[in-house]
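[1] Have a look at this prediction, sequence included:
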Amino acid sequence: MKVKFIFPDRDISIIGDLNEKLATVQRLKESLPVQSRGNRWGKEFYFSCPLEAEEENSRQILQLGEIGFWIPGKALCLFFGPTPISQEGEIRAASQVNVIGKLEGDLSVLESLEDGDRVVVEEA
């Protein structure tokens, strides 16, 4: 399933390819479109998303471009580089996240995101 992350304050967007086999993704699909304001933490952008999810396909060390759902904070997380707690050569989330998909295309467009930027997630 493809979704589009739209950032109206920056006039940018990026596509995400989500794993439809995961229950977290099915719940997200049912709640689309999602609108929120996000926060930047190193090279992670995360934002509230009203989902209830159980742990599945979860880990703390991620690959470049992966999309996660952070259960305790009910937040979608876009990982486009190291976070403040990353060790050299890794991308580390604050805690375990359900890895639900991967971003496509040029991740450098996300570099301009800042705390408080609006985000809309819709089916692509």
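    Sure, I can see it.

[2] now the strands for the chain?
    Assigned by DSSP state E, the chain shows strands spanning 2-7, 12-18, 34-40, 44-48, 58-62, 66-70, 75-79, 91-104, 118-123.

[3] Could you list every helix and strand in contact with the third one?
    The contact analysis (3 or more C-beta pairs under 8 Å, 6 or more residues apart in numbering; DSSP states H and E) places strand 34-40 against strand 44-48, strand 118-123. C-beta: built from backbone N, CA, C; applies to glycine.

[4] now, of these, which is deepest in the fold?
    strand 44-48 (a mean of 22; mean count of other C-beta atoms under 10 Å).

[5] Could you give the average pLDDT over it?
    For strand 44-48, the mean per-residue pLDDT is 98.

[6] Adjacent strands (with direction) for that strand?
    In the sheet, strand 44-48 lines up against strand 34-40 (antiparallel), strand 75-79 (antiparallel) (DSSP bridges).

[7] if I look at the residue with the largest distance to the centre of the chain, how far off is Phe80?
    In terms of distance from the mean C-alpha position of the chain, Glu88 ranks first, at 21.5 Å (C-alpha atoms, centre = their mean). Distance, Glu88 to Phe80, by C-beta to C-beta, to the nearest Å: 17 Å.

[8] cool, Gln63 as well?
    11 Å.

[9] So those two - more neighbours on which side?
    Phe80 (21 against 11; other C-beta atoms under 10 Å).
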